[in-house]
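Novice: give the three-dimensional model of this entry:
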Amino acid sequence: MKTYIYSKTKAVKDCFEAIKIKKDEIIDIRNPEDILSDLKSLHATEMIYCDISSYDEKNQNKVLKALCEIKKYGIIDPKAQLEDSAQLFYNNASDYIGKNMIKNGIKAQRLRQAYDYKFLDDKENILIPEDFILSGANWKEIKSGKEYTFCLMFIELDDLRELKKQTGASIITEMVDDFQNFINQVIAPHNGKVWMWMDYGGLVLLPFDGENCSIIMSCIKLIMNRKMLNAEFFGYDIEMRYRIALHIGNTVYKKRGDTGEIVSDSINSIFHLGQQYAEPGNLYMTDYVTQFIPAGLRSLFVEDGEFEGRNIHRMRLPLGH
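Specialist: Reported below is the predicted structural model:
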């Protein structure tokens with residue numbers, strides 16, 4: 001296996017030089033200034049590590065953007081400059097090597113694991129129940145009054161009933177309105193629609209084509225980046241916390257506001273999962289949904305028991321959540 005290292009930091013180069021003596025490991029340490037031109041010619045199967053401390057802020061952003069377009073890359077951060085290293089994995093990174101790893105040394109096994117890391121591409125192994133009626137990738141073929149299979153996303157603010165007693169109804173109403181507007185922004189790129197809305201949260205409907213469930217990544221971001229999102233989108237002294245549940249199932253579709261007479265086991269299940277089972281501040285999903293978790297992020301989820309006949313998976317919360 002060949003690995004390209006773009007760094008001018010002595011400690012970083014020393015770490016990778018030590019791996020050179022390993023059998024079948026080829027380490028090629030290169031000038032960081034050459035990375036943009038090299039990316040045009042390097043083979044897609046070759047692993048690239050980039051030391052971001054080798055660039056000023058302007059060029060750092062340019063390099064990170066270019067790396068997002070390739071299949072296998074890792075980021076080296078010897079000065080702990082990145083505040084949100086998890087964001088790298090949303091941008092297709094295969095590895096992150098921080099200050100402590102460089103200090104303690106890097107092993108060849110780590111490079112092999114990063115090289116083998118990949119996102120979900122085994123769609124032939126996805127199991128689709130016979131009773132699913134795929135609604136497609138968008139809303140073009142979806143007709144009111146017809147039954148389809150959708151991805152169902154339940155999201156609701158936590159602790160607002162208690163907060164309402166402390167802060168007053170008017171502030172809570174403003175917070176809920178801001179929250180609903182924020183959710184609309186999150187789901188828009190996934191063709192999602194807020195379908196039902198209660199006092200403090202609601203049910204989002206997303207078309208499902210049997211191949212993708214892209215809302216999963218946005219839900220992971222909503223949980224992991226909650227504190228940052230509060231600072232960026234909401235201006236309250238009170239931190240807004242929420243819980244999320246995802247399920248894939250069938251329901252008759254009718255326009256928002258005309259859903260009162262719909263009878264659906266899937267809708268009942270997602271509401272029960274979100275309101276009766278889910279703990280505050282976390283993300284839960286049923287078995288059907290877990291098939292679409294990117295392979296490199298599956299370790300974020302653990303089995304959390306059975307609820308109403310369905311196996312439930314829960315996200316591991318980062319420290320401080």
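
Novice: and I5, that's in a helix?
Specialist: No. Using DSSP: H, G, I helix; E, B strand; the rest coil, the assignment for I5 is strand, not a helix.

Novice: list the contacts for F89?
Specialist: Y96, G296, L297 (C-beta atoms under 8 Å, 6 or more residues apart in numbering). Heads up, the C-betas are built off the backbone N, CA and C, glycines and all.

Novice: no wait, V194
Specialist: Contacts of V194 by C-beta under 8 Å, 6+ apart are Q180, I183, N184, I187, G202, L203, V204, R256.

Novice: repeat the analysis, applying 7 Å as the threshold.
Specialist: Residues near V194 by C-beta atoms under 7 Å, 6 or more residues apart in numbering: Q180, I183, N184, G202, V204.

Novice: how about M285, secondary structure?
Specialist: Going by three-state DSSP: M285 is strand.

Novice: look at the nearest residue to it once chain neighbours are set aside and give its secondary structure.
Specialist: Spatially, and ignoring its direct neighbours in sequence, M285 is nearest to L246 (4.1 Å; C-beta to C-beta, 6 or more residues apart in numbering). Judged by three-state DSSP, the three-state class of L246 is strand.

Novice: neighbours of L246, how many?
Specialist: L246 has 27 neighbours, counted by other C-beta atoms under 10 Å.

Novice: in the helix or strand of the chain at the bottom of the mean pLDDT ranking, which residues are buried?
Specialist: In the chain, the helix or strand scored least confidently by mean pLDDT, DSSP states H and E is helix 160-167, which has a mean of 71. For helix 160-167, burial by neighbour count (16 or more other C-beta atoms under 10 Å) applies to L160, L163, K164.

Novice: can you lay out those as JSON lines showing distance to R241?
Specialist: As requested, those are exported to JSON lines (distance: C-beta to C-beta, whole Å):
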{"residue": "L160", "distance to R241": "9"}
{"residue": "L163", "distance to R241": "10"}
{"residue": "K164", "distance to R241": "15"}
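
Novice: before we move on, the earlier item: going by distance to S264, which of the contacts of F89 wins?
Specialist: If you rank the contacts of F89 by distance to S264 using C-beta to C-beta, L297 comes first, at 29.3 Å.

Novice: and the gap between the closest one and G136?
Specialist: According to C-beta to C-beta, to the nearest Å, L297 and G136 sit 25 Å apart.

Novice: got any ranges where the protein has weak pLDDT?
Specialist: In the predicted model, the chain carries pLDDT under 70 at residues 1, 20-25, 43-45, 71, 90, 116-125, 166, 168, 319-321.

Novice: quick one, helices of it?
Specialist: In the chain, the segments counted as helices under DSSP state H are 10-17, 35-38, 57-67, 86-90, 99-104, 108-116, 160-167, 169-187, 215-224, 226-233, 265-272, 287-290.

Novice: CA-only coordinates of the fifth one in CSV, if you can.
Specialist: Output in CSV follows, covering the C-alpha atoms of helix 99-104 (Å, rounded to 0.1, in the frame of the first residue of the first chain):
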residue,chain,number,x,y,z
LYS,A,99,-1.8,16.2,18.3
ASN,A,100,-1.8,13.3,20.8
MET,A,101,-1.5,10.6,18.1
ILE,A,102,1.5,12.3,16.6
LYS,A,103,3.1,12.5,20.1
ASN,A,104,2.5,8.8,20.8
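
Novice: now do that helix: distance to the chain's middle.
Specialist: Distance, stretch centre to chain centre, for helix 99-104: 26 Å (C-alpha atoms, centre = their mean, to the nearest Å).

Novice: by contact count, what packs against it?
Specialist: helix 10-17 (3 or more C-beta pairs under 7 Å, 6 or more residues apart in numbering; DSSP states H and E).

Novice: neighbours of R226, how many?
Specialist: With other C-beta under 10 Å as criterion, R226 counts 19.

Novice: over to the one 5 residues further on?
Specialist: Counted with other C-beta under 10 Å, the burial measure for A231 works out to 11 neighbours.

Novice: tell me the contacts of it?
Specialist: Contacts of A231 by C-beta under 7 Å, 6+ apart: none found.
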